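[1] Whatever this is, show me its structure:
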Amino acid sequence: MQTLLPPDRAQLPLFHDTLVVPPRLNPFLAEPLPAATLPESFSELTLNGAQDHCLHLLAPMLRELSEELDPRWLTLIAPPTLLTTTWLRSRELNLNRILLLQPRQGKQALDLACEALRSGQSHTVISWLHGMRATDKRKLALAAQTGEAQSLNIRLG
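    Prediction:
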């Protein structure tokens, strides 16, 4: 006869005796795990390899985001030089919904990304920032929360 675990122990009986994991790390416990240190409004993606191959991998994601139902912009901050309007058009992205922004006259790309996020005019702001510290990531995350947007930083290796 199989014994059922109490509701506070939502663990599969099969693993009851073999799963010895500290309670804070056990994915089968009913209690949620602590939230990540950065809000969900910030994500980071690292791609290694030739830049043109990395951009080829990004094309479907960018296409999907350019067709988002949200009427706000998809904003690209400091994209690689290979990512031009011609490249975007050749990948069938909706150019009517994309802003390409390059930092100018002493303005840092991080500041430009934060400004774009805080404004609330973009549903997603994709940046290409390298060597970011934890404080920089937190700045982007908080700016994204303020503008009810998503921040994605892409690092090309």
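
[2] low pLDDT regions in this protein?
    Applying pLDDT under 70 to the chain flags residues 1-39.

[3] Pick out the residue closest to the middle of it.
    What sits nearest the mean C-alpha location of the chain, by Cα atoms, centre = their mean, is Ser43, with 2.5 Å.

[4] Report how many residues lie close to Ala50.
    Residues lying near Ala50 (other Cβ atoms under 10 Å) number 10. The way it works is simple: take the backbone N, C-alpha and C, and place the C-beta from them, glycine included.

[5] Need the contact partners of the host helix or strand of Arg138.
    Using DSSP states H and E, Arg138 sits within helix 134-146. Outside helix 134-146, the residues within contact range by Cβ atoms under 8 Å, 6 or more residues apart in numbering are 37-39, 41-42, 44, 110, 113-115, 117-118, 120, 125, 127, 129, 150-151, 153.

[6] Mind checking which of the residues you listed land in strands?
    Phe42, Glu44, Val125, Ser127, Gln150, Ser151, Asn153 (DSSP state E).

[7] From the residues you listed, pick the one nearest Asn96.
    Val125 (17.5 Å; Cβ to Cβ).

[8] Go ahead and confirm that closest one touches Ala113.
    Yes - Val125 lies in contact with Ala113 (Cβ atoms under 8 Å); the separation is 5.6 Å.
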